[in-house]
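Q: model this:
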Amino acid sequence: MPSPLIDKRSPADIVAQTTQLAGQVSRWQPPPGGQADVGQALIGIFGRFAGLVIERLNRAPDKNYLAS
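A: This next block holds a predicted model:
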């Protein structure tokens with residue numbers, strides 16, 4: 001029986017949610033036409049790191065089971 005996931009979000013989900021929140025709390029908006037800018041780059045980096053943290057967090061129940 002697989003252990004339940006603590007957080008089911010993917011890095012793409014985190015990037016989408018962070019982009020939406022950044023638009024709500026600041027005047028920043030993603031540039032039209034999909035052009036790259038500093039804000040979108042930082043959100044992408046954050047999404048990647050948050051995805052790595054979530055991946056490790058989701059492995060914690062398995063490691064706890066093996067340690068028992």
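Q: Please compute how far the top helix by length along the chain lies from its chain's middle.
A: Determined from DSSP state H, the single longest helix within the chain is helix 38-67. With C-alpha atoms, centre = their mean, to the nearest Å as the basis, helix 38-67 stands 7 Å off its chain's centre.
Q: pLDDT of it, averaged?
A: Helix 38-67 shows a mean pLDDT of 88.
Q: middle-most residue in the protein, spatially?
A: Centre of the chain computed as the mean C-alpha position; nearest residue by C-alpha atoms, centre = their mean is I14, 3.3 Å away.
Q: In CSV, could you pull the C-alpha coordinates for the one helix or strand that residue maps to?
A: I14 belongs to helix 11-25 when assigned by DSSP states H and E. Listed next in CSV are the C-alpha coordinates belonging to helix 11-25 (Å, rounded to 0.1, in the frame of the first residue of the first chain):
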residue,chain,number,x,y,z
PRO,A,11,6.4,22.5,-10.0
ALA,A,12,4.2,23.7,-12.8
ASP,A,13,1.3,24.0,-10.4
ILE,A,14,3.4,26.0,-8.0
VAL,A,15,4.6,28.3,-10.8
ALA,A,16,1.0,28.9,-11.9
GLN,A,17,-0.1,29.6,-8.4
THR,A,18,2.8,31.9,-7.6
THR,A,19,2.3,33.8,-10.9
GLN,A,20,-1.4,34.4,-10.0
LEU,A,21,-0.5,35.5,-6.4
ALA,A,22,2.2,37.9,-7.7
GLY,A,23,-0.3,39.5,-9.9
GLN,A,24,-2.7,39.9,-7.1
VAL,A,25,-0.4,41.4,-4.5
